[in-house]
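*Asks:* Provide a 3D model corresponding to the input given below.
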Amino acid sequence: MKKLFIIIFGFAIACNSSQKTIVEKTESQPVEDFSITYASTITEEELKEHLYIYASDEFEGRETGQPGQKKAVDYLKKEYEALGLNPAKTNGDYLQKVPLEISKVPKGTMDVNGKSLMVGEDILTFSRAAGNFDNIVYVGYGIEEENYSDYSNIDVSGKLVLMKSGEPKNDDGTYVISGSSEKSVWSNMSEALGKRDQLATSKGAIGVLYYDADNFARYNRYFEYMKSNDSGRMQLKAQVSDEFNILLNKNAAIALFENIETDATPRILDSTVKLEIVSDNNQVDSENVAAIIKGSTKPNEYLIISSHLDHIGVTADGQINNGADDDGSGTVALLEIAEAFKKAADEGQGPERSIIFLHVTGEEKGLLGSQFYTDYEPIVPLANTVANLNIDMIGRIDPKREGDRNYIYLIGSDKLSTELHELSEAVNTKYLNIELDYTYNDENDPNRFYYRSDHYNFAKNNIPIIFYFNGTHDDYHRPGDTPDKINYDLLKNRTQLVFHTAWEVVNRSEKVIVDKAAK
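*Replies:* Here you go, the predicted structure:
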């Protein structure tokens, strides 16, 4: 890396007057360091101007598929048109349609050997399910790894399968999958059900009955929230199928297999199940927004900088969740970064690699916009995508955090590419000296933030990522997340950090190397 330069731009005024203001100093800058020149065009004033519009009541909380989200999409499109950035899609459209479908909260019963179990009481599901089933297949934990399989001697094709949470242990108390005292991903509550469901479906199962006593209450709270708000489960339309999964409490699980808590041996159960669960499905119209600056010497290699454009809309009592931090802050940061790169390009200092500025929809509904982009309709080949820098909540301060307020949580920078992590560290040291906090990068972090924002859909495809995040706060997903509570000096510094990192990624001679496998 080049020698260290300490960069200062004067006094920055924090929006929150109870916090100390960041003081920046300045030294003479080499003419050739254009990263400094164009980073300085990212200002508090412009970030604030954008955010007071984007997170205003007029945008109605930007809920996916709702009128406020359409206003947000229109705003972003007009901003890119005004900047003179081209659409990323070759057909000249900034908008990438993301076909979605929402299943309303289902109603009905599951009858087990003549015992009726109600949806919302003993069982939970978020989709319709109907039919008569016998010879239910019990698959224990429903796990398959190189050294263990619950499916080795049993056929589940065309069958309804029953499984339970947890994972097998050896006689000495260690876990079979890891071979140590450490639990595997199969015990992670955020991922375990999805992995089991996907595995069972890949083996031909038509439905999954899942017993998880520890997490049934958590899923039930989500179910009740959807029911009280008359909402439902949103999915990519391409994922909607006749397959289903049903969560069971202890009462329902024992009705199917009395010894389920103590016995993990796969077998055919002499049980009959009748499902009469109905749900209405509605189509949802939504879209991503994508603009591009083509690279000068490596136009077919791409950096994607992303943020999500949606939020959670309006509460049942009419309060607007403005989402200024989540993710209005990331959205306006992305606009300012795009403007800085466009100015550089107009003055003959354009990036060597191409940059796509990607605003995704449906993040709050399950990372749907980014999943559609990566899994169904990438605008550019994933194989040619060198990295993803994802910005989700960078305008506030985590009240649980101690220390200097001029910080940012970084997540995932070292998961796939040691080189990207080292680049990120060096860029920060050279330009801004923000405190980089890796608290939430820990594999054992119970929040599992690495899996909870749009970068993950790129990471699972072996694309190196960095997730920029300020942590949660009392206004997270509440009406109090408003533009007046944003710390605009921090927002500017963090945005400039992403810009400098992007500048290095797109202008270095070789793309960052992937030296670790995706998890």
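*Asks:* doesn't Ala344 make contact with Phe34?
*Replies:* Yes. Phe34 is within contact range of Ala344, at 6.3 Å (criterion: CB atoms under 8 Å). (Each C-beta comes from the backbone N, C-alpha and C, glycine too.)
*Asks:* tell me which of the two has more neighbours.
*Replies:* Between Phe34 and Ala344, Ala344 has the larger neighbour count (other CB atoms under 10 Å), namely 21 against 16.
*Asks:* so the more buried one sits against Ala39, correct?
*Replies:* No. The criterion here is CB under 8 Å, and Ala344 misses it with Ala39 at 9.9 Å.
*Asks:* how close does the closest residue to Asn170 other than its chain neighbours sit to Glu144?
*Replies:* Spatial nearest neighbour of Asn170, chain neighbours left out: Val176 (5.8 Å); criterion: CB to CB, 6 or more residues apart in numbering. Val176 sits 12 Å away from Glu144, going by CB to CB, to the nearest Å.
*Asks:* compare those two (neighbour count), which wins?
*Replies:* The residue with more neighbours, out of Val176 and Glu144, is Glu144; 18 against 15, by other CB under 10 Å.
*Asks:* can you pull the contacts of the more buried one?
*Replies:* Applying CB atoms under 8 Å, 6 or more residues apart in numbering to Glu144 gives the contacts Asp150, Tyr151, Leu199.
*Asks:* separation between the closest residue to Lys298 other than its chain neighbours and Phe467?
*Replies:* Closest residue in space to Lys298, ignoring its immediate chain neighbours: Arg353 at 4.7 Å, by CB to CB, 6+ apart. Counting by CB to CB, the gap from Arg353 to Phe467 is 20 Å.
*Asks:* between these two, tell me which one has more neighbours.
*Replies:* Neighbours per residue (other CB under 10 Å) separate Arg353 from Phe467, with Phe467 holding more: 27 against 24.
*Asks:* could you give the bridge partners of that one?
*Replies:* Judged by DSSP bridges, the bridge partners of Phe467 are Asn390, Ile411.
*Asks:* OK, contacts around it?
*Replies:* So Phe467 contacts Asn390, Asp392, Leu410, Ile411, Gly412, Phe449, Tyr450, Ser453, His455 (CB under 8 Å, 6+ apart).
*Asks:* what's near enough to touch the closest residue to the last one other than its chain neighbours?
*Replies:* To tie it back to what came earlier, the one meant is His455. Distance criterion CB to CB, 6+ apart; nearest residue to His455, sequence neighbours excluded, is Asn390 at 3.6 Å. Contact partners of Asn390, counting by CB under 8 Å, 6+ apart, are Ile305, Ser306, Ser307, Gly330, Ser453, Asp454, His455, Phe458, Ile465, Ile466, Phe467, Tyr468.
*Asks:* looking at the residues you listed, which are in strands?
*Replies:* Of the contacts of Asn390, the ones assigned to strands by DSSP state E are Ile305, Ser306, Ser307, Ile465, Ile466, Phe467, Tyr468.
*Asks:* in ChimeraX, how would I select the buried members of those residues?
*Replies:* Buried residues within the ones in strands among the contacts of Asn390, by 16 or more other CB atoms under 10 Å, are selected in ChimeraX with:
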select :305,306,307,465,466,467,468
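*Asks:* tell me the one of the ones in strands among the contacts of Asn390 nearest Ser116?
*Replies:* Proximity of those to Ser116 (CB to CB) peaks at Phe467, which lies at 45.5 Å.
*Asks:* next one: the closest residue to Ile177 other than its chain neighbours, what pLDDT does it get?
*Replies:* Closest residue to Ile177 apart from its sequence neighbours, by CB to CB, 6+ apart: Ser184 at 4.1 Å. If you check Ser184, the pLDDT there is 91.
*Asks:* how long is stretch 264-284 from one end to the other?
*Replies:* 41 Å (CA to CA, to the nearest Å).
*Asks:* go through it and flag the buried ones.
*Replies:* Ala264, Pro266, Leu269, Ser271, Val273, Lys274, Leu275, Glu276, Ile277, Ser279, Val284.
*Asks:* how far off centre is it?
*Replies:* 29 Å (CA atoms, centre = their mean, to the nearest Å).
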